[in-house]
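Chemist: Need the 3D shape of this:
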Amino acid sequence: MVNVFGDVKAVGDKDLDKVIKELRSRGYYPFIIDRTGYEELANNRDRVRETFVKLMINALEEDLGKVVNRYRETGVKLLVMPGNDDYPEVADYVKKQASDVLVPIDEDVVEFNGYYFLGFGYSTPTPWNTPREVSEEELRARVEKLIREVDQSRLNRLIMVIHDPPYNTLIDQAYQLTKDFKPVVRGGEVLRTHVGSKSVRALIEEYSPLMGLHGHIHEAPGVDYVRSNNGVRVPVINAGSEYSEGVLRMAYLIIEDSKLKNYFLVRG
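Modeler: I've put the predicted structure just below:
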């Protein structure tokens, strides 16, 4: 029997691998267990968490292994950081995978080809109480600490890779929910509301980076601009994704200057 979010159905041995592969392609972590083991998990939240973390790290190890081998052959680097849904154990695992190919940037500043990448993968509070959430005040303080590590005369080469998008932009609009997490529908349309970070917007306005790369709000892909206090229109990008459909969207960015050309693929 296969249980997918309460939908229980019988699956034969020959179809089991196909079901597992499909679930993995949609971002889920299938786990094969007998009825006794299932009942034990259902009554032990700590075991559920422990099992989930193990599955996530195993899947990440497999995926990153493929990436490293392929990227190393072509001389490409991958700047990587976990998001708010990732458990601390997963974030620690990512940090330990630093290599000539993998460059962890979570709560760090990395200089690459003359540009500074500032990473911050936490989010402000969500209705789901995810593992890596901080207040607006804490987010601003921790990101400003990172900004101080950058040569302040070169902030125009700073790329803020912050999981939360800036508030009141095209890329921070999520579906409005009721208290029981159901979409609010009016006139046959699901209403949207701005759920981005006011601190992220304030940081962009104050420090005027080259650009902001964001994620978090999967249903709001696009490009917008935040005008900084010195009048610069700072582009902010959210690649967006449709995990439930097995679709990971990407943004292809080219940064040109007089000395070199940089190509970046951004995945939300």
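Chemist: ok, and the closest non-adjacent residue to Ala91?
Modeler: For Ala91, the nearest residue in space outside its immediate sequence neighbours is Pro82; the separation is 4.5 Å by C-beta to C-beta, 6 or more residues apart in numbering. Bear in mind the C-beta positions are built from the backbone N, C-alpha and C, glycine included.
Chemist: Ok, Asp172 next?
Modeler: Spatial nearest neighbour of Asp172, chain neighbours left out: Gly196 (2.8 Å); criterion: C-beta to C-beta, 6+ apart.
Chemist: mind listing what the one you found touches?
Modeler: Going by C-beta atoms under 8 Å, 6 or more residues apart in numbering, Gly196 touches 164-169, 171-172, 216-217.
Chemist: Next, count neighbours for the residue nearest to Ala91.
Modeler: The local packing count at Pro82 equals 24, with neighbours defined by other C-beta atoms under 10 Å.
Chemist: Where does it sit: helix, strand or coil?
Modeler: Remark: Pro82 carries the secondary structure label coil [criterion: DSSP: H, G, I helix; E, B strand; the rest coil].
Chemist: follow-up on the earlier one: kindly give a single PyMOL line that selects the buried subset of the contacts of Gly196.
Modeler: In PyMOL, the members of the contacts of Gly196 classed as buried (16 or more other C-beta atoms under 10 Å) are selected with the following command:
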select buried, resi 164+165+166+167+169+171+172+216+217
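Chemist: would you list the contacts of Gly196 in JSON lines and tack on distance to Leu248 and pLDDT?
Modeler: What follows is the contacts of Gly196, written out as JSON lines (distance: C-beta to C-beta, whole Å; pLDDT from 0 to 100):
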{"residue": "Asp164", "distance to Leu248": "19", "pLDDT": "98"}
{"residue": "Pro165", "distance to Leu248": "17", "pLDDT": "98"}
{"residue": "Pro166", "distance to Leu248": "22", "pLDDT": "98"}
{"residue": "Tyr167", "distance to Leu248": "25", "pLDDT": "98"}
{"residue": "Asn168", "distance to Leu248": "26", "pLDDT": "98"}
{"residue": "Thr169", "distance to Leu248": "22", "pLDDT": "98"}
{"residue": "Ile171", "distance to Leu248": "16", "pLDDT": "98"}
{"residue": "Asp172", "distance to Leu248": "20", "pLDDT": "98"}
{"residue": "His216", "distance to Leu248": "14", "pLDDT": "94"}
{"residue": "Ile217", "distance to Leu248": "15", "pLDDT": "95"}
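Chemist: about what we covered before: next, the contact list for the residue nearest to Ala91, please.
Modeler: Pro82 makes contacts with 90-91, 94, 106, 121, 132, as judged by C-beta under 8 Å, 6+ apart.
Chemist: Quick check: the two most widely separated of those residues?
Modeler: The span of the contacts of Pro82, defined through C-beta to C-beta, is set by Val94 and Arg132 at 11.8 Å.
Chemist: Those two: which has the busier surroundings?
Modeler: Per other C-beta under 10 Å, whichever of Val94 and Arg132 has more neighbours is Val94, with 21 against 18.
Chemist: Doesn't that one belong to a strand?
Modeler: No: using three-state DSSP, the secondary structure at Val94 is helix, not a strand.
Chemist: Pull up the per-residue confidence for it.
Modeler: As predicted, Val94 sits at a pLDDT of 97.
Chemist: before we move on, what about the one 10 residues further on?
Modeler: According to the prediction, Pro104 has pLDDT 98.
Chemist: What is the burial count for it?
Modeler: The number of residues packed around Pro104, counting by other C-beta under 10 Å, is 22.
Chemist: residues contacting it?
Modeler: Contacts of Pro104 were listed using C-beta under 8 Å, 6+ apart, and they are 80-81, 94-95, 97-98, 119.
Chemist: any idea how far the residue sitting nearest the centre point of the chain is from Val48?
Modeler: Residue closest to the average C-alpha location in the chain (C-alpha atoms, centre = their mean): Gly83, at 4.3 Å. If you measure Gly83 against Val48 using C-beta to C-beta, to the nearest Å, the figure is 20 Å.
Chemist: Lovely, talk soon.
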